[in-house]
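Engineer: generate coordinates for the sequence data below:
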Amino acid sequence: MRNIVNEPRVALIGHSTTPRGGHVHTLGLGEALHRAGQPVHLIALGERLYREVDLPHTLVPGPRREGTTLTERTLDGIERLATALAERIDEFDVLHAQDCLAASAALAARERTGAPVTVLRTAHHVDDFTTPVLVECQRRAIVAPDRVLVVSHMWRDILARDFGVDATIVPNGVDLARFARPAAVPKPDRFLLLGVGGIEPRKGTVHAIRALARLRDLDPVFVIVGGHSFQDFAPYREAALAEAAALGVEVREVGTLTDAELAGWYEAADVLCYPSTAEGFGLVAIEAMALGLPVVASDLLVFREHLTHDVDALLPPVGNDVALAAALRRMITEADLRERLAAAGRVTAAGFTWENSAEAHRRVYADLSERPSRSLGVNDSAVRSPEVPGRASAPAAHQH
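Structural biologist: Just a heads-up that it's a prediction; the model follows:
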């Protein structure tokens, strides 16, 4: 543990408490920072965290979903977070947002209060939003903060090219203690391919289903865990499941899990099937590899930063159903390949620790604390939250 005088007080801010990649990153980072002696506090929209944490935190009740549009939920979420942050902004030196809603709220809170805080944003990835308020939220949440972090070289290059932002790369991490006590799960008596992240476009679910249709002679089963998202992917999910039924592919959805349950599925699975079409980093692949599960992913640039085809994973071309089927067939029929990739995968994953990530973040925080925050003008301000019809005042936060 370092002993730095006047170490900056950091608020980690997120728009959700569901176990998606960004929130998993935030909790892992926050706990490592807390263990290292960094003054840090998590503030997030949600009723409860999906797991117990060794991290001071405050939860702000999130927007109502029923009967509301995505635009209304976005603006309401920003307003709720901004209100909570403004009420206690004097407690922090750095507002570290993990998504565009959180960054917009942090910028709005600073603008309203005039507090001399720094706004830092981690851009895990850039979404293909079509909703105008989210498009603008994402843009301002990248260009307006005092500094932007990314977790890969690819996204650093994209932010420089598309937004003119010079981002700093910080590492991701895996905490094996989260998976130390796997729960018993209903393991099928067949070769088990595991998908993590729910059924949605960027997870490449339809490509997995079409590939599995070419493997019916091997009779694998595809189990998909997770699925909570701020956006509504119900039409995609329904179409994907209908196509699976028509092709005779068995897909079992398990839903959102505890860490123990997720560990149980990682342990029960034979291969991780992760044919994403877009990712910020792909933390799921590193988790699986750390636990000794061989991985079939896709040859995304971001995956190739830390995975090597036929060395620690198989990386068929993105969106290529035929190539994905061939890779999965190799995995199913070649036990020695699975063993070789699993062994190499453990070595690769060992390089990603939250302790390393926390140390890199602490250097960023220390550097920011020595510089004045940006003075926001009208054009740089966060997405303002106009009155949303039928929206009640933001409920009070509860602290832990």
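
Engineer: show me how this protein divides into domains.
Structural biologist: Domain assignment of the chain by automatic domain parsing yields the ranges 10-173+354-390, 176-349.

Engineer: quick one: mean pLDDT over the longest one.
Structural biologist: Spelled out, that is domain 10-173+354-390. Mean per-residue pLDDT for domain 10-173+354-390: 89.

Engineer: now what about stretch 142-162, what contacts it?
Structural biologist: Stretch 142-162 is contacted from outside by 25, 97, 100, 103, 106-107, 118-126, 163-172, 280-281, 301-302, 305, 361, 364, 368, 371, 373-374, 376, 380-382, using Cβ atoms under 8 Å, 6 or more residues apart in numbering. Where you see a C-beta, it was placed from the backbone N, CA and C, and this is true even at glycine.

Engineer: list the buried ones in it?
Structural biologist: 142, 144-152, 154-156, 158-159 (16 or more other Cβ atoms under 10 Å).

Engineer: among those residues, which ones are in helices?
Structural biologist: Among these, the residues falling in helices (DSSP state H) are 142, 154-156, 158-159.

Engineer: farthest-apart pair in those, please.
Structural biologist: For these, the farthest-apart pair by Cβ to Cβ is Ile142 and Met154; their separation is 15.0 Å.

Engineer: please, where are all the strands along the stretch 151-300 of the chain?
Structural biologist: 168-169, 192-196, 221-225, 251-255, 271-273, 295-296 (DSSP state E, counting those that start in this stretch).

Engineer: what's the third one packed up against?
Structural biologist: Which is strand 221-225. Counting contacts by 3 or more Cβ pairs under 8 Å, 6 or more residues apart in numbering; DSSP states H and E, strand 221-225 is packed against strand 192-196, helix 205-213, strand 251-255, helix 259-268.

Engineer: run through who's touching the third one.
Structural biologist: Okay, so that is strand 251-255. Residues contacting strand 251-255 (Cβ under 8 Å, 6+ apart): 188, 199, 209, 221-227, 240-241, 244, 261, 265.

Engineer: Provide the strand pairings for that strand, with the direction of each partner.
Structural biologist: Sheet pairing of strand 251-255 (DSSP bridges) gives strand 221-225 (parallel).

Engineer: and the angle from the strand it pairs with to helix 205-213?
Structural biologist: 160 degrees (axes from the mean of the first three to the mean of the last three Cα atoms, to 10 degrees).

Engineer: pull out the buried residues from the lengthiest helix in the chain.
Structural biologist: The longest helix of the chain (DSSP H) is helix 70-87. For helix 70-87, burial by neighbour count (16+ other Cβ under 10 Å) applies to 70, 72-86.

Engineer: coming back round to it: adding mean neighbour count and distance to Glu52, write the strands of the stretch 151-300 of the chain out as CSV.
Structural biologist: Shown next, in CSV, are the strands of the stretch 151-300 of the chain (neighbours: other Cβ atoms under 10 Å; distance: least, Cβ to Cβ, whole Å):
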stretch, mean neighbour count, distance to Glu52
strand 168-169, 14, 30
strand 192-196, 24, 21
strand 221-225, 22, 19
strand 251-255, 16, 20
strand 271-273, 26, 25
strand 295-296, 26, 28
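
Engineer: lowest-confidence stretch among the ones you listed?
Structural biologist: strand 251-255 (a mean of 92).

Engineer: could I get that strand in CSV with only the CA atoms?
Structural biologist: The C-alpha trace of strand 251-255 is given here as CSV (Å, rounded to 0.1, in the frame of the first residue of the first chain):
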residue,chain,number,x,y,z
VAL,A,251,-30.3,-22.9,-26.7
ARG,A,252,-30.8,-22.7,-23.0
GLU,A,253,-31.0,-19.3,-21.3
VAL,A,254,-30.0,-19.1,-17.7
GLY,A,255,-30.3,-15.4,-17.0
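
Engineer: begin at 16 from now on, thanks
Structural biologist: Okay, using 16 as the starting number, the last item reads as strand 266-270.

Engineer: how far off strand 207-211 does it point, in degrees?
Structural biologist: Using the same axes, to 10 degrees: strand 266-270 against strand 207-211 is 50 degrees.

Engineer: helix 274-283 and strand 266-270, what's the angle between them?
Structural biologist: Using the same axes, to 10 degrees: strand 266-270 against helix 274-283 is 150 degrees.

Engineer: quick one: the helices in the stretch 216-365 of the chain, in order.
Structural biologist: Ranges of helices in the stretch 216-365 of the chain, per DSSP state H, counting those that start in this stretch, are 220-228, 249-262, 274-283, 298-305, 316-319, 336-348, 350-364.

Engineer: for the ones you listed, which one sits closest to Asn21?
Structural biologist: helix 298-305 (32.6 Å).

Engineer: from the chain's centroid, how far away is that closest one?
Structural biologist: Chain-centre distance of helix 298-305: 13 Å, with Cα atoms, centre = their mean, to the nearest Å.

Engineer: which helices and strands does that helix pack with?
Structural biologist: Using 3+ Cβ pairs under 8 Å, 6+ apart: helix 298-305 touches helix 36-50, strand 207-211, strand 286-288, strand 310-311, helix 350-364.

Engineer: report the angle between that helix and strand 236-240.
Structural biologist: Angle, helix 298-305 to strand 236-240, by the same axes, to 10 degrees: 120 degrees.

Engineer: hmm, who's touching helix 298-305?
Structural biologist: With contact meaning Cβ under 8 Å, 6+ apart, helix 298-305 is reached by 36, 39-40, 187, 189, 191, 194, 209, 211-212, 281, 287, 289, 309-310, 312, 318, 321-322, 327-328, 357, 360-361, 363-365, 367.

Engineer: one more time with 7 Å
Structural biologist: Helix 298-305 is contacted from outside by 36, 39-40, 187, 189, 191, 211-212, 281, 287, 289, 310, 312, 318, 322, 327-328, 360-361, 363-364, 367, using Cβ atoms under 7 Å, 6 or more residues apart in numbering.

Engineer: just the buried ones from those residues?
Structural biologist: Buried among those by 16+ other Cβ under 10 Å: 36, 39-40, 187, 189, 211-212, 281, 287, 289, 310, 312, 318, 322, 327-328, 360, 363-364, 367.
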